[in-house]
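A.B. asks: next come a sequence and a model predicted from it.
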Amino acid sequence: MGNRRYGVALALLLFAAAWEAGAQTWSVSTNAMDYMNYGTLNVEGGVAASRHWSLTAVAKYNPFLFQNREGEPVSARQQLYGAGVRYWPWHVFSGWWAGARLQYQEYNRGGIRSAETDEGDRYGLGLSGGYSYMLSSHWNLDMGLGLWGGYDRFVTYSCPVCGITRQEASRLFLLPADVLLSLVYVF
Amino acid sequence: MCSELRQQAFRALLFTFLLASCTVKERRDACPCRLTVILGNVPSPPATVLVSGEGFRRSFRADSLLSVLVPRSGVQVVALAGTPMEGGEGLVIPEGEESPPLYLASASVGTDRDTVALALALHKAFCRLSLQVEGPPGWGEPYWTQVRGAVNGVGWDGNPARGPFSCRLDPGSAVCLPRQDAADPLWLDISLSDGVVRTFSLGNLLEAGGYDWAAPDLADAEVCLQLSVTALGLVTEGMNQDIYLQYEI
């Protein structure tokens, strides 16, 4: 918890510093694909640092516990925080882009395919790419795909609520990330 | 306009980051622990198993295996056999009755995990006390004897329960006494028709004879009261000792 707070605080400071340092253009977006992932709330902010570079910060939060048809709990809970950069070959917030991001995720996922539930903390680096389509002078539609990998410290339980501890371990991971279909507002 | 929107968006982002202090992991410290009790040396199944802990107190019946969900704050487990028991406050021996032939085991268990297994081997927790009285020539006046004590059962923690205990002990017969501490008083009364004429400190006599109330399995004992020579013969398992008294009727 302590490391996570320090990481979040650092990312926030960097982002706020760039934001307040006279950046002329910035954006805020939310990703529809995340809402389809058990209603994960999400927001991403972007600040143009130059014509081709922008800084980004993202937060996702899903505190919801659902029930399946049998009344058993289903959890895809997570909170994710990340900060990184995007490179725009043509111009910030327009056209193709490639991004890199440092990311932390606390997750609690189980009861979906089976009752078995993983809870853990992931730290890693994400790489992604996509295209930002200008809908109007202020609105963009952002599409993209990405991967992220790193270190995962986790515990596996026999069910989402209570249950037996099956495994407590750590591992390296490589997972899809940033399946983006985002609506972006550019200020 | 743009500046206001920008400030609000920044606040929303800040608020989202502050959510970092809330965990999405399930709080499992309030989940129960599955306790499995494996019973051994149960002379007459089923045994009664008393499980007590913080805000938790239940009794179960089991032959050799019991599986139960208990709080994670730790529990006390007491297994009793030799007497049927219907919950309540441990085992209470009614005044006037002897102890049942009780076999008992108890343990404190840490239950701060998902599962805990506990093996309990029951031990003999009663003393069968026999009384022999040899009277002087011409002795024939009707009399009767009883044992009195201050332990009348077993508590939820498996320790002796304090309360009045008494039961008649006729010469030539035997009664069962519950486990007690060496410091607990135990008396033998001899009564004639007009009341108690003499009281012996049976506890002291047993202690003087080397009787061990703390032994895992309690031994049986025999008291021989020789009124003619004012002597008590004390016989316990593996031990035979005469204790002479300054005593007259």
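C.D. replies: That came through fine.
A.B. asks: C-alpha from now on. contacts and neighbour counts both.
C.D. replies: Will do.
A.B. asks: quick one, which residue of chain A lies the farthest from its center?
C.D. replies: No residue in chain A sits farther from the centre than residue A:70, which is 30.5 Å out by Cα atoms, centre = their mean.
A.B. asks: secondary structure class for that residue?
C.D. replies: coil (DSSP: H, G, I helix; E, B strand; the rest coil).
A.B. asks: poorly predicted segments of chain A, please.
C.D. replies: A:1-24 (pLDDT under 70).
A.B. asks: name the residues of it found near chain B, please.
C.D. replies: Contact residues, chain A versus chain B (Cα under 8 Å from any Cα of the partner chain): A:1, A:4-5, A:8, A:12, A:28, A:43, A:45, A:59, A:61-63, A:77-79, A:81, A:106-108, A:119-120, A:160-165, A:187.
A.B. asks: put the buried members of these into a PyMOL selection.
C.D. replies: Buried residues among those (16 or more other Cα atoms under 10 Å in any protein chain shown), as a PyMOL selection:
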select buried, chain A and resi 4+8+12+28+43+45+59+61+62+63+77+78+79+81+106+107+108+119+120+160+161+162+163+164+165+187
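A.B. asks: just the residues of chain A next to chain B: which are in strands?
C.D. replies: Counted as lying in strands by DSSP state E, out of those, are A:28, A:43, A:45, A:59, A:61-62, A:77-79, A:81, A:106-108, A:119-120, A:165.
A.B. asks: what's the domain layout of chain B?
C.D. replies: Domain ranges of chain B: B:33-123, B:126-244, per automatic domain parsing.
A.B. asks: quick one: mean pLDDT for the last one?
C.D. replies: Think domain B:126-244. Averaged over domain B:126-244, pLDDT sits at 82.
A.B. asks: and that domain, how far out from the chain's middle?
C.D. replies: Chain-centre distance of domain B:126-244: 20 Å, with Cα atoms, centre = their mean, to the nearest Å.
A.B. asks: list of residues touching the top strand by length along chain B?
C.D. replies: In chain B, with assignment by DSSP E, the single longest strand is strand B:144-154. When contacts are defined by Cα atoms under 8 Å, 6 or more residues apart in numbering or on different chains, strand B:144-154 is touched by residues B:90-95, B:99, B:160-171, B:178-180, B:184-192.
A.B. asks: got JSON lines for the domains of chain B, with mean neighbour count and distance to residue A:32 too?
C.D. replies: As requested, the domains of chain B are arranged in JSON lines below (neighbours: other Cα atoms under 10 Å in any protein chain shown; distance: least, Cα to Cα, whole Å):
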{"stretch": "domain B:33-123", "mean neighbour count": "18", "distance to residue A:32": "39"}
{"stretch": "domain B:126-244", "mean neighbour count": "17", "distance to residue A:32": "59"}
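A.B. asks: quick check: residue A:157 touching residue A:164?
C.D. replies: Yes - applying Cα atoms under 8 Å as the test, residue A:157 and residue A:164 come out as touching, 5.5 Å apart.
A.B. asks: separation between the nearest residue to residue B:173 once chain neighbours are set aside and residue B:171?
C.D. replies: Spatial nearest neighbour of residue B:173, excluding adjacent residues (Cα to Cα, 6 or more residues apart in numbering or on different chains): residue B:130 at 5.7 Å. With distances taken as Cα to Cα, to the nearest Å, residue B:130 is found 8 Å from residue B:171.
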